[in-house]
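[1] Please work out how this folds:
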Amino acid sequence: MNSARNYYRVMLGQKSVYAAECFAGNFIGTDFGIDQDLTKKLPEEWRAFNQEFIPIYLAKHPDKTKIGAGLACGALWTVSKGIRKGDIVLCPDGSGHYRVGEVSGEYTYQPGKILFHRRPIQWLNVSIDRAAMSEALRNSAGSIGTVSNVSRYSEEIERLVGGVSAPKLISTDETVEDPTAFALEEHLEEFLVKNWAQTELGKEYDIYEEDGEKAQQYQTDTGPLDILAISKDKKRLLVVELKKGRASDAVVGQTLRYMSFVQEMLAEQDQTVHGIIIALDDDQRIRRALAMVSNILFYRYQISFKLVRN
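    Okay, the predicted model is just below:
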């Protein structure tokens, strides 16, 4: 496979209900109730697409929120346009395996059929056993939502497709001072999402989710924010920004930009917006910056590793 291409996990209907039809028909697809031809409606930038189609989606689904509309339209654009010809998709078959395919063409509209916003796929004669994946890839590939970019695991995916087991979690490179931390920090976001309910944040907030789409790597006009959460009483939206290692004071400005987007574009009139920065450590500069911002908190994460004798 070509390492320059991107890799995506794509769900074929809720709980892979349309997997068999997609494998037999050589396609992937979505619908989201937007039953119109998008051939001339797919700009290069998702922002322009969302700007036009979020109002259309909300008109068709008046019970949905602006956040949910953004998630749905973002997934629709990604499958229809963002995924490029030549990219690789991993699609669960509902039985613990992922079929692997290469995107072989551009968007087509198939009205009256399942998943009518489609992309043609050349399915490879190979599947990946979920049990053979590293824990990090399993978490990412198993995330809630229609589509998830798993390109960061391209080397592992290529090895799995080639029949080679996934690499071990712990590095043996002697130049790495703390190989456990080195390995685990790479998967900080997946770990936090998977264990959200067990964290202090999980007591007050839930990761925002609507119709199976989870607000992780939520696209804004200044880049993707890591996690968007909502308080259990629905009154507060929380922007969570993750940083591996020590955080610099620049992350305060970045978090404020995301919060501004959420306040202006997503929050309802009675909702407030807050921010949290999570990093391994801080310094005097970021402490000074945060001292002047009352609605952003800082959390340190800790990595631990132990062996338990059987």
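
[2] For Arg159, give its distance to Glu204.
    Applying Cβ to Cβ, to the nearest Å, the value for Arg159 to Glu204 is 40 Å. For the C-beta atoms, the positions are set from N, CA and C on the backbone; glycine is no exception.

[3] Same question for Gly275.
    As for Gly275, its distance to Glu204 is 14 Å (criterion: Cβ to Cβ).

[4] same check, this time on Ala197
    12 Å.

[5] Looking at these two, which has the bigger crowd around it?
    Glu204 (13 against 10; other Cβ atoms under 10 Å).

[6] who touches Lys235 in this structure?
    Applying Cβ atoms under 8 Å, 6 or more residues apart in numbering, we find Lys235 in contact with Asp270, Gln271, Thr272.

[7] any weak-confidence spans in the protein?
    1-3, 163-186, 303-306, 310 (pLDDT under 70).

[8] still on that earlier bit, tell me the buried residues within the contacts of Lys235.
    Among the contacts of Lys235, the ones that count as buried by 16 or more other Cβ atoms under 10 Å are Gln271.

[9] Which one of the contacts of Lys235 is nearest to Ile114?
    Ranked by distance to Ile114 (Cβ to Cβ), the contacts of Lys235 are led by Gln271 at 35.7 Å.

[10] which one is that closest one nearest to, not counting chain neighbours?
    Leaving aside its sequence neighbours, Gln271 sits nearest to Leu237 (Cβ to Cβ, 6 or more residues apart in numbering; 5.6 Å).

[11] so where does that neighbour fall, helix or strand?
    In this structure, Leu237 sits in strand 236-246 according to DSSP states H and E.

[12] what sits up against the helix or strand following that strand?
    Per DSSP H and E, the first helix or strand lying C-terminal to strand 236-246 is helix 250-261. Counting by Cβ under 8 Å, 6+ apart, helix 250-261 makes contact with 220-223, 225, 239, 241, 243, 273-275, 277, 279, 286, 289-290, 293, 295-296, all of which sit outside it.

[13] Which of the residues you listed fall in strands?
    Thr220, Gly223, Leu225, Val239, Glu241, Lys243, Val273, His274, Gly275, Ile277, Ala279, Ile296 (DSSP state E).
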